[in-house]
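Q: Curious how this folds, go ahead:
(one chain, ligands or ions: 1)
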Amino acid sequence: MEGLVSLKTTPPGISFHASPPSTTTTTSTSARRFSLVRRSLLASSMGTRRRNGVSETKDESATVSPANGDVETALKAKEWEVGMFHNEVAATQGIRIRRRPPTGPPQHYVGPFEFRIQSEGNTPRNILEEIIWHKDVEVAQLKERRPLFRLKNALDSAPPTKDFVGALRAAYQQTGLPGLIAEVKKASPSRGILREDFDPVEIAQAYEKGGAACLSVLTDEKYFKGSFENLEAIRNAGVKCPLLCKEFIVDAWQIYYARTKGADAILLIAAVLPDLDIKYMIKICKMLGLATLVEVHNEREMDRVLGIEGVELIGINNRSLETFEVDISNTKKLLEGERGQKIREKDIIVVGESGLFTPDDIAYVQEAGVKAVLVGESIVKQSDPGKGIAGLFGKDISS
Ligand SMILES: O=C(O)c1ccccc1NCC(=O)[C@H](O)[C@H](O)COP(=O)(O)O
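A: Predicted coordinates for the structure are as follows:
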């Protein structure tokens with residue numbers, strides 16, 4: 001339902017932005033077009049071009065040149081096209097999260113007036129969608145300031161990546177318990193502030209001492225009060241655990257950026273990213289030596305992800321991002337029957353995520369088939385987060 005929410009005078013100098021023209025293209029045509037545009041855009045971002053049907057890889061610095069206005073304009077036009085078709089393609093895969101508001105942001109400027117008109121097309125349906133819309137704008141601004149070719153030096157001098165998947169496998173083999181990915185998280189939309197005296201490096205070191213196999217570091221500032229500085233500080237403090245950059249990835253640029261800040265793994269959320277994005281992002285990660293944790297919430301997402309080649313780690317999130325309700329039986333449900341069988345055949349490690357507080361919770365998800373767990377709240381809130389790990393597992397897992 002539409003309604004005029006507010007009307008106020010805009011400061012001088014604000015211009016009127018016309019909405020992009022609506023499209024009458026059919027879904028299958030747009031899906032095809034999306035795929036072509038996407039492929040060429042990702043090829044550009046990876047420094048690959050095709051000549052006579054053969055892929056060639058060239059120096060990234062030569063791919064996007066600031067001096068070449070035509071290339072930049074063409075890239076922007078492609079990005080705009082991709083954005084236009086993204087929601088349609090995603091919907092065909094059951095993805096309800098829209099990449100950006102289909103009818104544009106709620107503000108409309110007419111002369112000196114700013115209208116705020118709320119409608120289904122410009123109001124996020126849930127917190128995840130709100131985060132994604134915000135992230136889309138944030139990343140566009142970051143990219144504008146530091147385009148890919150400018151990340152090249154930082155990429156070249158980044159320390160070698162650590163083996164995230166290997167660390168989880170080793171922990172499982174050594175302890176007979178799920179390998180722990182301990183989360184460095186100050187706050188979350190569902191729980192608010194989790195810890196006031198938040199020192200990311202101290203927490204990371206305590207986790208490592210307490211037996212964590214890997215760490216997950218929230219980098220989103222607005223909703224989780226995290227940062228890339230935290231990730232970098234933990235990496236530079238000599239923490240040996242491999243690091244997951246816990247970010248809402250919507251653009252390949254973020255993967256390169258995460259790598260420059262010391263990430264060893266990134267998160268890809270199937271509720272947000274269509275299959276083709278996941279597929280190409282996994283390829284980019286492999287090229288950069290990063291692991292990918294592909295997160296699912298339901299059977300449909302699990303089936304999509306099981307159809308994607310190269311997936312090594314699947315996270316089952318027990319938290320509904322629409323209602324925030326946590327139900328650890330979600331992990332069991334998604335690992336039953338043929339799905340569990342397929343996972344075992346492919347030797348994929350499943351990570352149980354969210355809502356794990358007690359040794360019984362750990363035993364329950366392990367029984368369901370997980371070989372790793374991602375835990376934040378229950379350990380970060382303890383005065384000694386390292387000792388919190390012993391409480392979570394019911395025993396000291398640090399040796
Ligand atoms: O936790 C939230 O409120 C949330 C909201 C929107 C998107 C993601 C969200 N959480 C991220 C996570 O999945 C958790 O940080 C992670 O699984 C650890 O969960 P927990 O052990 O329950 O802190």
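
Q: before we move on, which element is Glu183 in?
A: strand 179-184 (DSSP states H and E).

Q: after that strand comes which helix or strand?
A: Going down the chain from strand 179-184, the next helix or strand is strand 187-188, by DSSP H and E.

Q: The strand holding Glu183 packs against which elements?
A: Contacts of strand 179-184 with other secondary structure elements, assessed using 3 or more CB pairs under 8 Å, 6 or more residues apart in numbering; DSSP states H and E, are made with helix 164-175, helix 200-210, strand 214-218, strand 372-375, helix 377-380, helix 385-393. C-beta here means a position set from N, CA and C on the backbone, and glycine is covered the same way.

Q: nearest to the ligand, of those?
A: Proximity to the ligand (CB to the nearest ligand atom) singles out helix 377-380 among the helices and strands packed on strand 179-184, at 3.4 Å.

Q: does any part of the closest one sit near the ligand?
A: Yes - contact check for helix 377-380 against the ligand, using CB under 6 Å from any ligand atom: residues in range are Glu377, Ser378.

Q: Which strands or helices does that helix pack on?
A: Contacts defined by 3+ CB pairs under 8 Å, 6+ apart place helix 377-380 against strand 179-184, helix 200-210, helix 385-393.

Q: interface residues of the stretch 151-300 of the chain facing the ligand?
A: Proximity of the stretch 151-300 of the chain to the ligand is confined to Glu183, Lys185, Ser188, Pro189, Ser190 under the rule CB under 6 Å from any ligand atom.

Q: now with 5 Å?
A: Those residues of the stretch 151-300 of the chain that sit near the ligand, judged by CB under 5 Å from any ligand atom, are Ser188, Pro189, Ser190.

Q: Out of these, who's the most crowded?
A: The most neighbours of any of those, using other CB atoms under 10 Å, belong to Ser188, which has 22 neighbours.

Q: Contacts only, for that one.
A: The contact partners of Ser188, taken as CB atoms under 8 Å, 6 or more residues apart in numbering, are Leu194, Tyr223, Phe224, Gly376, Glu377.

Q: Could I get the helices and strands packed on helix 377-380 in TSV, plus columns for mean neighbour count?
A: Converted to TSV, the helices and strands packed on helix 377-380 look like this (neighbours: other CB atoms under 10 Å):
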stretch	mean neighbour count
strand 179-184	29
helix 200-210	21
helix 385-393	20
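
Q: first vs last residue of stretch 287-303, how far apart are they?
A: 25 Å (CA to CA, to the nearest Å).

Q: List the buried residues for the helix or strand harbouring Ala363?
A: Under the criterion DSSP H and E, the helix or strand holding Ala363 is helix 359-368. For helix 359-368, the buried set under the neighbour-count rule, 16 or more other CB atoms under 10 Å, comprises Asp361, Ile362, Tyr364, Val365, Gln366, Ala368.

Q: and what of stretch 98-106?
A: Of the residues in stretch 98-106, those scored as buried under the neighbour-count criterion (16+ other CB under 10 Å) are Arg98, Arg99, Arg100, Pro101, Pro106.

Q: if I look at the third one, how far off is Val250?
A: This means Arg100. Shown here: Arg100 relative to Val250, a distance of 9 Å by CB to CB, to the nearest Å.

Q: circling back: could you give the mean pLDDT of the helix holding Ala363?
A: Taken as a whole, helix 359-368 has a mean pLDDT of 98.

Q: That helix near the ligand anywhere?
A: No - Helix 359-368 lies out of reach of the ligand by CB under 5 Å from any ligand atom, never closer than 9.9 Å.

Q: For that helix, which outside residues touch it?
A: 177-178, 328, 331-332, 335, 352, 355-356, 373, 392-395.

Q: Adding mean pLDDT, write the helices and strands packed on strand 179-184 out as CSV.
A: What follows is the helices and strands packed on strand 179-184, written out as CSV (pLDDT from 0 to 100):
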stretch, mean pLDDT
helix 164-175, 98
helix 200-210, 98
strand 214-218, 98
strand 372-375, 98
helix 377-380, 98
helix 385-393, 97
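
Q: Nearest to Val137 among those would be which one?
A: Relative to Val137, the nearest member of the helices and strands packed on strand 179-184 by CB to CB is strand 214-218, separated by 19.2 Å.

Q: May I see the buried residues of the helix or strand following that closest one?
A: Using DSSP H and E, the helix or strand that directly follows strand 214-218 along the chain is helix 228-236. Buried residues in helix 228-236, counted by 16+ other CB under 10 Å: Phe228, Asn230, Leu231, Glu232, Ala233, Ile234, Arg235.

Q: Dump those into a markdown table; add pLDDT and distance to Gly386 as well.
A: Converted to a markdown table, the buried residues of helix 228-236 look like this (pLDDT from 0 to 100; distance: CB to CB, whole Å):
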| residue | pLDDT | distance to Gly386 |
| --- | --- | --- |
| Phe228 | 98 | 24 |
| Asn230 | 98 | 18 |
| Leu231 | 98 | 20 |
| Glu232 | 97 | 22 |
| Ala233 | 98 | 18 |
| Ile234 | 98 | 15 |
| Arg235 | 97 | 19 |
